[in-house]
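Chemist: model this:
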Amino acid sequence: MAYDDTADAVTGPGGTPPGPSAVRPEPSPADAVLPAELADAARTLFGDRLDLAAAYAELLATDGVVRGLIGPREAPRIWDRHLLNCAAVAERIPEGATVIDVGSGAGLPGLVLAIARPDLQVTLVEPLARRTSFLIEAVQQLGLAKMVRVFRGRADEAASGETGVGPLSADVVTARAVAPLDRLAGWCLPLAVPGGRLVALKGSSAADEIAEHAATVDRLGGGEPTVHLCGVGVIDPATTVVEVVRERVVRPPAAKKAPKRSRGGRKKAR
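Modeler: Predicted coordinates:
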């Protein structure tokens, strides 16, 4: 699907109004400079769009820090901890796929994937106003408005269409450091088309999460979760992801109706 040239947020009932940022150390564009030891990996993952990735890195290290989306201590590690870590996940996404990034925050991994893979159509789902404002501005400044859309709202609102937009769905649903696998599957699987996949960036506890939450994932219509390492031989450490295929469409249970009351205000006897 194609998007309008001018990026905009699809507003929903989630989020908070933007306000003044807390006082933080003055950010520096120097924090976004690509370290020489990571240059080969960056060229491998971003190819001829490396300059675009560098422009995004500078946005994160400056405006992202000022707005509280990236911690000041994270700024010097933007390339290894954030950009390269997220870009490696592109190898798990099919050519020409549609992608929904849940809890996108500063655009990780959704905006990174859009930079690394111009064949993708990406929707960034984020409920907080100050984050969606940053995402809209980043999409515009990076010239990605034709392939990236910003949805302000929660994942369940995006899936149900209750905001008046959607319901949204995609071939691949991504998430990074959002929630444990059981809650993540509940939020993300309804956004995946049947046969589509949840691709969740996880850490060393991925196998433990699968063991703990596999039964819940199955009840939500997901297949057996699998662990994959992305960027092996390119970045160290490789990025760990958990993938879940949406094998069945499971409808949420109907809400219970409130008991009827008599005209006198008492519950009717059954």
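Chemist: show me where the chain has strands.
Modeler: Listed in chain order, the strands of the chain (DSSP state E) span 9-10, 98-102, 121-126, 148-152, 170-176, 192-202, 226-230, 239-245.
Chemist: Need those in TSV (columns: distance to Arg92).
Modeler: Quick note: C-beta positions are derived from backbone N, CA and C, even for glycine. What follows is the strands of the chain, written out as TSV (distance: least, Cβ to Cβ, whole Å):
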stretch	distance to Arg92
strand 9-10	26
strand 98-102	11
strand 121-126	14
strand 148-152	19
strand 170-176	8
strand 192-202	5
strand 226-230	6
strand 239-245	6
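Chemist: For the ones you listed, please prepare CSV with the additional fields mean neighbour count, distance to Leu113 and mean pLDDT.
Modeler: Listed next are these as CSV, based on neighbours: other Cβ atoms under 10 Å; distance: least, Cβ to Cβ, whole Å; pLDDT from 0 to 100:
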stretch, mean neighbour count, distance to Leu113, mean pLDDT
strand 9-10, 20, 19, 46
strand 98-102, 26, 6, 98
strand 121-126, 28, 6, 98
strand 148-152, 28, 10, 97
strand 170-176, 26, 7, 97
strand 192-202, 21, 10, 97
strand 226-230, 15, 12, 97
strand 239-245, 22, 12, 97
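Chemist: between these, which one is nearest to Ala214?
Modeler: Comparing the strands of the chain against Ala214 with Cβ to Cβ, the closest turns out to be strand 239-245 (9.5 Å).
Chemist: Relative to the whole chain's centre, how far out is that closest one?
Modeler: Its chain's average C-alpha position is 13 Å from that of strand 239-245, according to Cα atoms, centre = their mean, to the nearest Å.
Chemist: now it against strand 226-230, angle please.
Modeler: On the basis of axes from the mean of the first three to the mean of the last three Cα atoms, to 10 degrees, strand 239-245 is oriented at 140 degrees to strand 226-230.
Chemist: Ala179 reaches Leu198, doesn't it?
Modeler: No - if you go by Cβ atoms under 8 Å, Ala179 and Leu198 don't touch, sitting 11.8 Å apart.
Chemist: give me the low-pLDDT residue ranges for the stretch 1-150 of the chain?
Modeler: Along the stretch 1-150 of the chain, segments meeting pLDDT under 70 span 1-26, 28.
Chemist: Recalculate using a threshold of 50.
Modeler: Residues of the stretch 1-150 of the chain meeting the criterion pLDDT under 50: 1-24.
Chemist: Helices along that one, start to end?
Modeler: Remark: helices assigned in the stretch 1-150 of the chain by DSSP state H, counting those that start in this stretch are 39-46, 50-59, 65-66, 84-87, 110-116, 129-141.
Chemist: tilt between the longest one and helix 50-59?
Modeler: So the one you mean is helix 129-141. Using the same axes, to 10 degrees: helix 129-141 against helix 50-59 is 150 degrees.
Chemist: Which elements pack onto helix 129-141?
Modeler: For helix 129-141, the elements it packs on are strand 9-10, helix 50-59, helix 110-116, strand 121-126, strand 148-152, judged by 3 or more Cβ pairs under 8 Å, 6 or more residues apart in numbering; DSSP states H and E.
Chemist: Turn the ones you listed into TSV, columns for distance to Ile235.
Modeler: Shown next, in TSV, are the helices and strands packed on helix 129-141 (distance: least, Cβ to Cβ, whole Å):
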stretch	distance to Ile235
strand 9-10	32
helix 50-59	14
helix 110-116	13
strand 121-126	21
strand 148-152	24
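Chemist: What is the burial count for the closest residue to Leu69 other than its chain neighbours?
Modeler: Of all residues not flanking Leu69 in the chain, Ala106 sits nearest, at 4.0 Å (Cβ to Cβ, 6 or more residues apart in numbering). Residue neighbour count, defined by other Cβ atoms under 10 Å, stands at 26 for Ala106.
Chemist: Offset the numbering so it begins at 36, please.
Modeler: With 36 as the first residue, the last one maps to Ala141.
Chemist: List the contacts of Ala141.
Modeler: Counting by Cβ atoms under 8 Å, 6 or more residues apart in numbering, Ala141 touches Leu95, Gly99, Leu104, Ile105, Arg166, Phe169, Leu170.
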